[in-house]
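> sequence plus the predicted model coming up.
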Amino acid sequence: MNRLDSFMSACVLCPRMCRADRLAGRTGYCRETAELVVARAALHMWEEECISGKSGSGTVFFSGCNLGCIFCQNHNISQAKAGKVISVGRLSDIFLELQGQGANNINLVTPTHYVPQIIEALDLAKGKGLNIPIVYNTGGYERTETLTLLRGYVDIYLPDFKYMDERLAEEYSHAPDYPAYAKQALEEMVSQTGEFQMDETSGLLKKGVLVRHLVLPGQVRNSKEVIRYLYEAYGNHILISIMNQYTPMPHTRNHLLLGRKVTKREYDKVVDFALGIGVECGYIQEGEAALESFIPEFDGEGVEESSFHQESV
């Protein structure tokens, strides 16, 4: 057993620290064993402009999730209902294939519970010529001990910062400690990458941290508290993306608040607040972003054909 494998023999990769023996086939809170499961690998045009650019971000969607938010728009993969089992070697090949397709970067989506395998795959791919930036795209619920393993591997951190309200974090993500862990994780991410750096010619982000915050219906106060914290802690050394794309999914349509979209008035209040306190570097969304058509099909595109990873019925 190598040092990275030891993180999964009694898994403590994420703040859940469920200590499941994933190497022995047990599933953790993330709903995954140590088998590497990927649901989609393709060029993605719907990230922020500095990530997708004109040719797209080479996104790899991993199955499973350590948060399990009740409003998740990627429900099929976060609940481990979709995806295909692949080898570490195949993952490294996927990285190179995406680079060959013209991807601006390799975008690792929901990667936390596969950090050891990702590091191994990156080592293999870099030995074969992988040279584009690596993006770590996460819900923000991270342990600094895991993030330190990624020092020197990740160029761009793309975390969510969902909640400052512990009660809301408990209700929506069963994680009342989310704010504490998200703060610690962000501090580590910034320490690794420093102030964000843009390519002046392409407009692409080369290095740094871009924090996403999804405005939720009825939760303007929480959004303001998140943005206030981000600005007071990091000023304009990080990018902040304020998102209005919350999409009610079938399993939330009867929820008092989550059953509706964010109103224009709610979103405008959050944006106006951000501008009012001095936020200058970041992104806002205009127009109708809350559409299910923005959610990709998790049909195994770009993933090597192998045994299906399917929840039993």
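Looks like it came in fine.

> helices of this protein, residue ranges please.
6-9, 49-52, 75-78, 88-100, 115-127, 144-147, 166-173, 178-193, 220-234, 264-277 (DSSP state H).

> just those helices: most buried one?
Ranked by mean neighbour count, those are led by helix 75-78 with a mean of 22 (mean count of other Cβ atoms under 10 Å). Placement of C-beta: from N, CA and C, glycine included.

> what is the rounded mean pLDDT of that one?
On average, the pLDDT along helix 75-78 is 61.

> likewise for stretch 158-175?
Computed over stretch 158-175, the average pLDDT equals 98.

> in CSV, list the helices of the chain along with distance to Asp155.
Output for the helices of the chain, formatted as CSV (distance: least, Cβ to Cβ, whole Å):
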stretch, distance to Asp155
helix 6-9, 22
helix 49-52, 11
helix 75-78, 24
helix 88-100, 13
helix 115-127, 11
helix 144-147, 14
helix 166-173, 27
helix 178-193, 7
helix 220-234, 18
helix 264-277, 26
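
> ok, which of those helices comes nearest Leu257?
Leu257 lies closest, by Cβ to Cβ, to one member of these: helix 166-173, at 9.8 Å.

> report the angle between the closest one and helix 178-193.
Here helix 166-173 runs at an angle of 90 degrees relative to helix 178-193 (axes from the mean of the first three to the mean of the last three Cα atoms, to 10 degrees).

> CA atoms of helix 166-173 as CSV?
Output of helix 166-173 as CSV, limited to C-alpha atoms (Å, rounded to 0.1, in the frame of the first residue of the first chain):
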residue,chain,number,x,y,z
GLU,A,166,-24.5,26.8,9.4
ARG,A,167,-28.2,26.0,9.7
LEU,A,168,-28.7,26.3,6.0
ALA,A,169,-25.6,24.1,5.4
GLU,A,170,-27.2,21.5,7.6
GLU,A,171,-30.6,21.7,6.0
TYR,A,172,-29.5,21.6,2.4
SER,A,173,-26.2,19.7,2.5
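
> now do that helix and helix 220-234, the angle between them.
110 degrees.

> show residues contacting helix 166-173.
Helix 166-173 has contacts (Cβ atoms under 8 Å, 6 or more residues apart in numbering) with 67-71, 141, 162-163, 175-179, 216, 219, 222, 258.

> make sure Phe273 is actually in contact with Lys224.
Yes. Using Cβ atoms under 8 Å, Phe273 is in contact with Lys224, at 5.0 Å.

> picking that back up, what's the closest of the helices of the chain to Gly302?
Nearest to Gly302, of the helices of the chain and by Cβ to Cβ, is helix 88-100 at 6.5 Å.

> which other helices and strands contact the closest one?
strand 36-44, strand 57-62, strand 106-109, helix 115-127 (3 or more Cβ pairs under 8 Å, 6 or more residues apart in numbering; DSSP states H and E).

> what helices or strands is the shortest one leaning on?
Contact partners of strand 106-109 among helices and strands, from 3+ Cβ pairs under 8 Å, 6+ apart: strand 57-62, helix 88-100, strand 134-138.

> would a markdown table of those with distance to Leu124 be doable?
Shown next, in a markdown table, are these (distance: least, Cβ to Cβ, whole Å):
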| stretch | distance to Leu124 |
| --- | --- |
| strand 57-62 | 14 |
| helix 88-100 | 4 |
| strand 134-138 | 13 |
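
> turn the ones you listed into a markdown table, columns for distance to Pro250 and mean pLDDT.
Formatted as a markdown table, these follow (distance: least, Cβ to Cβ, whole Å; pLDDT from 0 to 100):
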| stretch | distance to Pro250 | mean pLDDT |
| --- | --- | --- |
| strand 57-62 | 20 | 97 |
| helix 88-100 | 30 | 97 |
| strand 134-138 | 24 | 98 |
